[in-house]
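Trainee: What shape does this take:
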Amino acid sequence: MLIGRDREIARLRGFLAACEDGPCALTIDGEAGIGKTALLDAAIADASGVCVLRVRCAEAESGLAYVGVADLLGEWAGTATAALPPPQRRALEIALLRTDPAGELV
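Mentor: Have a look, this model is predicted:
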């Protein structure tokens, strides 16, 4: 339980409830250590019927290509790539370093 953060948690819960109608995106930005992850974790704990994919890259990783995509998909990467048409699947697998980019790219 977070003390003194009821307003922020209520806003996040409202956002997650609205996501039950379809895909949504949210950015929580702020200085390190102010409780962004704790707030989101508290709101997600009460959310039902919502699948949350999130990216939590460290500042040192921010310049690395596709690190956010890899973090976002995490354990869902196999499911996500399987649902894509072959050219998009190959591009995502190359970006995630799951296949060699050798060969002809169309």
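Trainee: Using just helix, strand and coil, how would you label Ile3?
Mentor: With DSSP: H, G, I helix; E, B strand; the rest coil as the basis, the three-state label of Ile3 is coil.
Trainee: What residues sit buried inside the longest helix seen in the chain?
Mentor: For the chain, the helix with the greatest residue count under DSSP state H is helix 6-18. Applying a neighbour-count criterion of 16 or more other Cβ atoms under 10 Å, one finds 8-9, 12-13, 16 buried in helix 6-18. C-beta coordinates here come from the backbone N, C-alpha and C atoms, glycine included.
Trainee: what distance separates that helix from the centre of its chain?
Mentor: With Cα atoms, centre = their mean, to the nearest Å as the basis, helix 6-18 stands 17 Å off its chain's centre.
Trainee: by contact count, what packs against it?
Mentor: helix 36-46 (3 or more Cβ pairs under 8 Å, 6 or more residues apart in numbering; DSSP states H and E).
Trainee: Could you find the closest non-adjacent residue to Ala18?
Mentor: Once flanking residues are discounted, Ala18 sits nearest to Cys24: 6.6 Å by Cβ to Cβ, 6 or more residues apart in numbering.
Trainee: okay, now that neighbour: neighbour count?
Mentor: Number of residues near Cys24 (other Cβ atoms under 10 Å) recorded here: 12.
Trainee: repeat for Leu40
Mentor: Neighbour count of Leu40, defined by other Cβ under 10 Å: 19.
Trainee: thinking again about what came up before, by how many degrees do the longest helix of the chain and helix 36-46 diverge?
Mentor: With axes from the mean of the first three to the mean of the last three Cα atoms, to 10 degrees defining the directions, helix 6-18 sits at 50 degrees from helix 36-46.
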